[in-house]
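> sequence first, then the predicted structure:
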Protein chains: 2
Amino acid sequence: MPNKQIQSRASPEIFGEPVAGGGLLNRRVFLAGGALLASTAAARDARADSNSVGDDSPFSMTTPGKVFQGYGVPAVPEKPIQRTVLQPYGDLGPGAGVAMTPLESLEGTITPNGLHFERSHNGRPTIDPEAHRFLIHGLVKRPLKFTIESLLRYPMMTRTCFIECAGNSFFNSNLFPEPMQVPVGMIHGLVSGAEWTGVPLNILLDEAGLDSKGKWILAEGADAAGMSRSVPIEKALDDAIIAFYQNGERLRGEQGYPMRLLLPGFEGNMSVKWLRRIKVTAGPTYTKDETSKYSDLMPDGTARLFTFTMGIKSTITRPATGVVMYGPGLYEISGLAWSGHGSVTRVDVSADGGKSWAEAALGEPILPMALTRFRIPWRWDGTPTILQSRATDDKGNTQLRRAVWSAQYAAGELYHCNAIQTWGIGRNGEVSNVYI
Amino acid sequence: MPNKQIQSRASPEIFGEPVAGGGLLNRRVFLAGGALLASTAAARDARADSNSVGDDSPFSMTTPGKVFQGYGVPAVPEKPIQRTVLQPYGDLGPGAGVAMTPLESLEGTITPNGLHFERSHNGRPTIDPEAHRFLIHGLVKRPLKFTIESLLRYPMMTRTCFIECAGNSFFNSNLFPEPMQVPVGMIHGLVSGAEWTGVPLNILLDEAGLDSKGKWILAEGADAAGMSRSVPIEKALDDAIIAFYQNGERLRGEQGYPMRLLLPGFEGNMSVKWLRRIKVTAGPTYTKDETSKYSDLMPDGTARLFTFTMGIKSTITRPATGVVMYGPGLYEISGLAWSGHGSVTRVDVSADGGKSWAEAALGEPILPMALTRFRIPWRWDGTPTILQSRATDDKGNTQLRRAVWSAQYAAGELYHCNAIQTWGIGRNGEVSNVYI
């Protein structure tokens, strides 16, 4: 039974007829900016009974505020928003762990540095920037060894992109036959977005002089796990960056201070943190980090190596697991989409379990290999509902239903899961993670 | 006399002839990505004497790293980067102050939330988000009073823009007849860039129903200064946002938690923080904050009110005051440009005090009313040099020489200074703030 208290006063005529099942409305309803728009409960609740704010002398207006800070911190009154830290991390060894971005509490496309996800294989090392050296060697004409100070004097470039762990969304993968009821940040929070600045790697490789036999590079970190990955030379010469700055400031410790490799669109651990050397090689090195891990379990019992590019993916972040709906009425569905192949061109949303779809509005600018925010208005009628989002990129890639994605791999596969995420909404308004 | 130790090995042929006086090189030199590029000292210094990184078992590789954190903090080894806090702030009253962004230590275009500049008129208030109410009243059909919770359910939009205090760059203004030798962040650091998310104000005004006599709004903050500004209704209906999120997370206390007005391109204090009410009015209210302050002193003795839009501006952030050059050789000049009128279309750089100019490369995406990073390669010959940058926007606005800008105002004028900034480089490599 509709709860009168939270019904919107806005009439259906204002929003037009639904454009897909389950009450999805035209994405332009929220873009028009001239229409009379009322969110579900707010309109009725907001009717002021007087022209006064109420308390005309709140404490904050009668008492001088606090002194300023050299480096600010999150607002105190807000419930502290934290990454979810899992360390140790299963049986992956001491020090291994993750800190997951709380996507359910964030908006927009930039992740603040303090909440950018972290995946490390033996903790967060402390590196002395004065003592740190970076070596380029192997199949090069002139091996080069750099101090941080000298690298900071090279020309730089800035770009915004996502980094996503290959193991992101493992709670939607074949590792978990039953859906886990955890917040969206614990399911998909091994992806974050930031603006990175650093030295294009091709400048340094040119400086060293590539041997014609050099077709791959080995990138090695200075952490206790000695994280090492093989990267095709084409990627290294294309858009790889040696990053020193994240969202304007020098890298945080957990993001690779004093320097990391950044490979836009490639699985996260290839953007090697605490980078100490790049060795140019004739072929891949087959390191422990690309053979025993970060390889895909196939139905025929083999493991597929070198799935570099993170696939097209999306998730609705609001409403999502952990949220209880206010009741029937108008809502904005908000979520994130991204693709390691290029730019997101379209996100479709379904409110009837995939029977019908409506196109969401995409936030601009839409940047390649970067998080894109999508939004679509929706009128929930209070009945059980199945919500999904399906993203498409400019290379024509789109997301698969979970069952179709799952059938490509063996049981236990946990990497590169980009299947469609489904949220179920019960009659009581509770949102849950469901498999369909 | 050139210092051999820091000369670049790169020959002039590689970079081509200078494109302007003082050794400025074609901006595409650093964009080509295929050329053999050597920064000034790095090339020679980097020649490796062996194929080893040096210390093959640094402490960080033999010792497990630290545990993860729910909310990360800046890297410990780096010299702490802080805002410059000036509080109290001249004779502007107890609690008044600024915290300035250290532009000299940052790169890219996003300012991390902890370093976004702060200007407050009576300290940083503490607001209880449960008790806070937001009122829309005055010349409206239906006065509305909102809780934060209800506002968070309205449709949102995300945009990246700068906020700049009207008093930014006062160390380059008529208030200081002699140039102050302080870091660039203390001269121009009352500007920062961020991605903001919130509810478009026009949705809420439509909800309230504007009276046809309503031509202005009064926006009032809940701080102890009761910061209040008048805003033309056209701006309120155009691109004004009630912001709740900054760079992905909820607003920080010093940025207006739990909610602020955001007026892209307008002088900073109009983006009223700790927003408690908007009153629709027939004309401007002439508050203390737009009459006794934030007005321009004109040569005829009058004060000009309502200079809303922040002008086209730029500054080189590296090299800049406080920096000592490494010696003659190749450098990258890096800086920021922005305009409250629209998008930056061009930044020219001079290395001979304005006699000749060369076009810098602009970082993408170039967004309206947002910080734009510019870069240009430059070979310094070790002689005294005068560096300048001059930005132009898509409305045809460009920066004036300081003397020309200054002549428009009376002595003591400190607001809206967007004159060209000049850095002088001495034979000893020291960079200073100079007036020419």
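Thanks, I have the structure now.
> let me know the helix or strand that the residue in the stretch 251-400 of chain A that chain B sits nearest to is in.
Across the stretch 251-400 of chain A, no residue is closer to chain B than residue A:257, which sits at 3.9 Å (CB to the nearest CB). The C-beta positions use only the backbone N, C-alpha and C, and glycine is treated the same way. When secondary structure is defined by DSSP states H and E, residue A:257 falls outside every helix and strand.
> just want the residue of the stretch 101-250 of chain A that's nearest chain B.
Evaluated by CB to the nearest CB, the stretch 101-250 of chain A has residue A:123 as its residue closest to chain B, separated by 2.6 Å.
> residues near that residue, how many?
Per other CB atoms under 10 Å in any protein chain shown, the neighbour tally for residue A:123 reads 22.
> ok so, going back, hmm, the residue of the stretch 251-400 of chain A closest to chain B is touching residue B:75, no?
Yes: if you go by CB atoms under 8 Å, residue A:257 and residue B:75 touch, sitting 3.9 Å apart.
> neighbour count: those two, which is higher?
The residue with the greater number of neighbours, taking residue A:257 and residue B:75 and applying other CB under 10 Å, is residue A:257; the counts read 26 against 22.
> do you know how far that one is from residue B:321?
Separation of residue A:257 from residue B:321 (CB to CB, to the nearest Å): 26 Å.
> how about residue A:262?
From residue A:262 to residue B:321 the distance is 30 Å (CB to CB).
> out of these two, which sits in the busier spot?
Set side by side, residue A:262 and residue B:321 show unequal neighbour counts under other CB under 10 Å, the larger going to residue A:262 at 27 against 23.
> next up, the contacts around the more buried one.
A:161, A:163, A:196, A:198, A:240-243, A:271 (CB atoms under 8 Å, 6 or more residues apart in numbering or on different chains).
> list the buried residues in stretch A:374-390.
Using 16 or more other CB atoms under 10 Å in any protein chain shown as the test for burial, stretch A:374-390 gives A:374-380, A:382, A:385-390.
> need those in a markdown table (columns: secondary structure and distance to residue A:317).
As requested, these are arranged in a markdown table below (DSSP: H, G, I helix; E, B strand; the rest coil; distance: CB to CB, whole Å):
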| residue | secondary structure | distance to residue A:317 |
| --- | --- | --- |
| A:374 | strand | 10 |
| A:375 | strand | 11 |
| A:376 | strand | 13 |
| A:377 | strand | 16 |
| A:378 | strand | 14 |
| A:379 | strand | 19 |
| A:380 | strand | 17 |
| A:382 | coil | 22 |
| A:385 | strand | 17 |
| A:386 | strand | 17 |
| A:387 | strand | 11 |
| A:388 | strand | 13 |
| A:389 | strand | 10 |
| A:390 | strand | 15 |
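> near chain B, from these?
Among these, the ones lying near chain B by CB under 8 Å from any CB of the partner chain are A:375, A:377.
> hang on, the earlier thing: just the pLDDT for the residue of the stretch 101-250 of chain A closest to chain B.
Per-residue pLDDT puts residue A:123 at 90.
> identify all contacting residues around the helix or strand hosting residue A:403.
Here residue A:403 sits within helix A:402-406, counting by DSSP H and E. Contacting residues not belonging to helix A:402-406 are listed as A:172-174, A:399, A:417-420, A:422, A:435-436 [CB under 8 Å, 6+ apart].
> quick check: next helix or strand after it?
Sequence order places strand A:422-425 as the next helix or strand after helix A:402-406, per DSSP H and E.
> list the buried residues of that following strand.
For strand A:422-425, a neighbour-count test (16+ other CB under 10 Å) marks A:422-425 as buried.
> select the longest helix from chain A.
Ranked by residue count, the top helix of chain A under DSSP state H comes out as helix A:201-208.
> can you name every helix or strand that the helix or strand that it is followed by contacts?
Next along the chain after helix A:201-208, taking DSSP H and E as the criterion, comes strand A:216-221. Strand A:216-221 makes packing contacts with strand A:228-232, helix A:233-238, strand A:275-281 when contacts are defined by 3 or more CB pairs under 8 Å, 6 or more residues apart in numbering or on different chains; DSSP states H and E.
> make TSV out of these and add mean pLDDT.
Conversion of the helices and strands packed on strand A:216-221 to TSV gives the following (pLDDT from 0 to 100):
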stretch	mean pLDDT
strand A:228-232	98
helix A:233-238	98
strand A:275-281	98
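> highest mean neighbour count out of those?
Most buried of these, by mean neighbour count (mean count of other CB atoms under 10 Å in any protein chain shown): strand A:275-281, with a mean of 23.
> and it with chain B, contact?
Yes: residues of strand A:275-281 contacting chain B under CB under 8 Å from any CB: A:276-277.
> so that strand versus strand A:216-221, what angle?
Using axes from the mean of the first three to the mean of the last three CA atoms, to 10 degrees, one finds that strand A:275-281 and strand A:216-221 are set 160 degrees apart in direction.
> run the chain-centre distance for the next helix or strand after strand A:275-281.
Per DSSP H and E, the first helix or strand lying C-terminal to strand A:275-281 is strand A:296-297. From the chain centre to the centre of strand A:296-297 is a distance of 22 Å (CA atoms, centre = their mean, to the nearest Å).
> over to stretch A:175-189?
15 Å.
> what does that stretch rub up against?
Counting by CB under 8 Å, 6+ apart, the neighbours of stretch A:175-189 from elsewhere in the structure are A:83-84, A:100-105, A:117, A:168-172, A:315-317, A:320-322, A:411-414, A:421, A:432-435.
> list buried residues within those residues.
Those of the contacts of stretch A:175-189 that meet the buried threshold are A:83-84, A:100-105, A:117, A:168-172, A:315-317, A:320-322, A:413-414, A:421, A:433-434, by 16+ other CB under 10 Å.
> restricted to helices, list these.
Filtering these for helices - DSSP H - leaves nothing at all.
> those also near chain B: which ones?
Contacts with chain B are made by A:83-84, A:105 out of the buried ones among the contacts of stretch A:175-189, judged by CB under 8 Å from any CB.
> what touches both of residue A:257 and residue B:75?
Listed as contacting both residue A:257 and residue B:75 by CB under 8 Å, 6+ apart are A:250-251.
> could you report the neighbour count for residue A:57?
Counted with other CB under 10 Å, the burial measure for residue A:57 works out to 7 neighbours.
> helix or strand for it, which one?
Counting by DSSP H and E, no helix or strand carries residue A:57.
> and the helices in the stretch 1-150 of chain A?
With DSSP state H, counting those that start in this stretch as the criterion, the stretch 1-150 of chain A has helices at A:12-15, A:42-46, A:59-62, A:148-151.
> so where's the stretch 301-436 of chain A shaky on pLDDT?
Low-confidence segments of the stretch 301-436 of chain A, defined by pLDDT under 70, are absent.
> residues of it that sit close to chain B?
Residues of the stretch 301-436 of chain A lying near chain B by CB under 8 Å from any CB: A:326, A:331-332, A:334, A:363, A:365, A:367, A:373, A:375, A:377.
> next, format those residues as a markdown table and append distance to residue B:405.
Shown next, in a markdown table, are those (distance: CB to CB, whole Å):
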| residue | distance to residue B:405 |
| --- | --- |
| A:326 | 53 |
| A:331 | 50 |
| A:332 | 45 |
| A:334 | 44 |
| A:363 | 37 |
| A:365 | 32 |
| A:367 | 35 |
| A:373 | 39 |
| A:375 | 42 |
| A:377 | 47 |
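> quick one, what contacts residue A:378?
With contacts defined as CB under 8 Å, 6+ apart, residue A:378 is in contact with A:22-25, A:330-333, A:349, A:351.
> show me where the stretch 101-250 of chain A has strands.
Listed in chain order, the strands of the stretch 101-250 of chain A (DSSP state E, counting those that start in this stretch) span residues A:118-120, A:133-138, A:144-147, A:157-164, A:191-200, A:216-221, A:228-232, A:241-246, A:249-250.
> and the gap between residue A:375 and residue B:156?
With distances defined as CB to CB, the gap from residue A:375 to residue B:156 amounts to 7 Å.
> swap in residue A:136?
When CB to CB is applied, the distance between residue A:136 and residue B:156 equals 45 Å.
> check residue A:164 too.
With distances taken as CB to CB, residue A:164 is found 24 Å from residue B:156.
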